[in-house]
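Enquirer: sequence and predicted structure below; questions after.
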Amino acid sequence: MDISKLWDNYIRTRDIRLREELIINYLYLVKFVAGRLYSNYRNHVEYDDLVSYGVFGLIDAIEKYDTDRGVKFDTYAQLRIRGAVIDYLREIDWLPRSVRQKAKEIEKAYQELEGELGRSATDEEVASKLGVSVEEFQKKIQHVSTYSVVSLDDLLEQKRELHSDENNEETSPGAAIEQETMRTVLVEAINSLPEKEYKVITLYYYEELTYKEIGKLLSISESRVSQLHTKAIFRLKSKINNCLN
């Protein structure tokens, strides 16, 4: 059955068998999202578990998708799937408390420094703020690299929630203004990143490349890509917090 006809029939009847056909048709989205996240969490989770929870997100997307909103289902579903997997990662709470604490300290240092300086802080400046050497700072960044992925997904979830108000058929004027504000702040924050960090963020989230692919493209190691990604996330969070607080 043609996918558009399948959608029409499902929306009209809400037949569970048609929903199952839609799930099968879009299962590749679950595998895509799960595969990207697994590449960062492989030492902590099982790929099949990520897929399983991603399917819950897909089902949720199918049930709540509104064809009249003008948003492509693939885009909407990937955000739902990603959100479901991230919720699972939060639930199992695999990250050691010491790593969370280090991440909060680094995030606070970036936020305070870049708020004071009005520009991106250098590694030397952040290291000094933390009272450690640049080498020790780089080790801290590497240690919390996995946490940064979850943190950016938190930002993406905020964007998703601003795009869709599930409790109302129409987005309220206030929500629309907030959505535009978040979009503007995020775009400006990304554009203000140091060149290499900007490239990593755009290649990872917009071009949807893996760390390995980005490393080959930029002629750097995967661990270096991870470090750049982590620092970019801390900067983005600090810039958004400074602008919206």
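Expert: Good, I have the coordinates.

Enquirer: contacts for the longest helix anywhere in the chain, please.
Expert: Secondary structure of the chain per DSSP state H: the longest helix is helix 222-244. Helix 222-244 has contacts (CB atoms under 8 Å, 6 or more residues apart in numbering) with 106-107, 110-111, 114-115, 120, 123, 138, 141-142, 144-145, 147-149, 151-152, 155, 181-182, 185-186, 188-190, 192-193, 196-198, 200-201, 204, 211-212, 214-215, 218, 220. Glycine gets a C-beta too; all of them are placed from N, C-alpha and C.

Enquirer: my guess is residue 120 meets residue 192, correct?
Expert: Yes: contact criterion CB atoms under 8 Å: residue 120 and residue 192 qualify, at 6.7 Å.

Enquirer: so which of the two has more stuff around it?
Expert: Between residue 120 and residue 192, residue 120 has the larger neighbour count (other CB atoms under 10 Å), namely 19 against 15.

Enquirer: pull the contacting residues for that one.
Expert: Contacts for residue 120 (CB under 8 Å, 6+ apart) come out as 114, 192-194, 235.

Enquirer: could you pull up phi and psi at it?
Expert: phi -70, psi 130 (degrees, to the nearest 10).

Enquirer: re earlier: may I see the buried residues of the longest helix of the chain?
Expert: Neighbour-count burial for helix 222-244 flags 224-242 (criterion: 16 or more other CB atoms under 10 Å).

Enquirer: quick one on the thing from earlier: save the contacts of residue 120 as JSON lines, and put in pLDDT and distance to residue 130 too.
Expert: What follows is the contacts of residue 120, written out as JSON lines (pLDDT from 0 to 100; distance: CB to CB, whole Å):
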{"residue": "114", "pLDDT": "89", "distance to residue 130": "14"}
{"residue": "192", "pLDDT": "89", "distance to residue 130": "22"}
{"residue": "193", "pLDDT": "92", "distance to residue 130": "20"}
{"residue": "194", "pLDDT": "93", "distance to residue 130": "18"}
{"residue": "235", "pLDDT": "89", "distance to residue 130": "15"}
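
Enquirer: taking those one by one, which sit in helices?
Expert: 114, 235.

Enquirer: closest to residue 67 out of the contacts of residue 120?
Expert: Of all those, residue 67 sits closest to residue 193, with 35.9 Å by CB to CB.

Enquirer: got the contact list for that closest one?
Expert: Per CB under 8 Å, 6+ apart, neighbours of residue 193: 120, 201, 232, 235-236.

Enquirer: what's the overlap in contacts for residue 120 and residue 192?
Expert: By CB under 8 Å, 6+ apart, no residue touches both residue 120 and residue 192.

Enquirer: what's the domain layout of this protein?
Expert: As assigned by automatic domain parsing, the chain contains the domains 1-94, 95-245.

Enquirer: of the ones you listed, which shows the lowest average pLDDT?
Expert: If those are sorted by mean pLDDT, domain 95-245 sits at the bottom with a mean of 80.

Enquirer: tell me where this structure has helices.
Expert: Going by DSSP H, the chain shows helices at 3-13, 16-25, 27-41, 47-64, 73-92, 97-117, 123-130, 134-143, 145-163, 173-191, 195-201, 211-218, 222-244.
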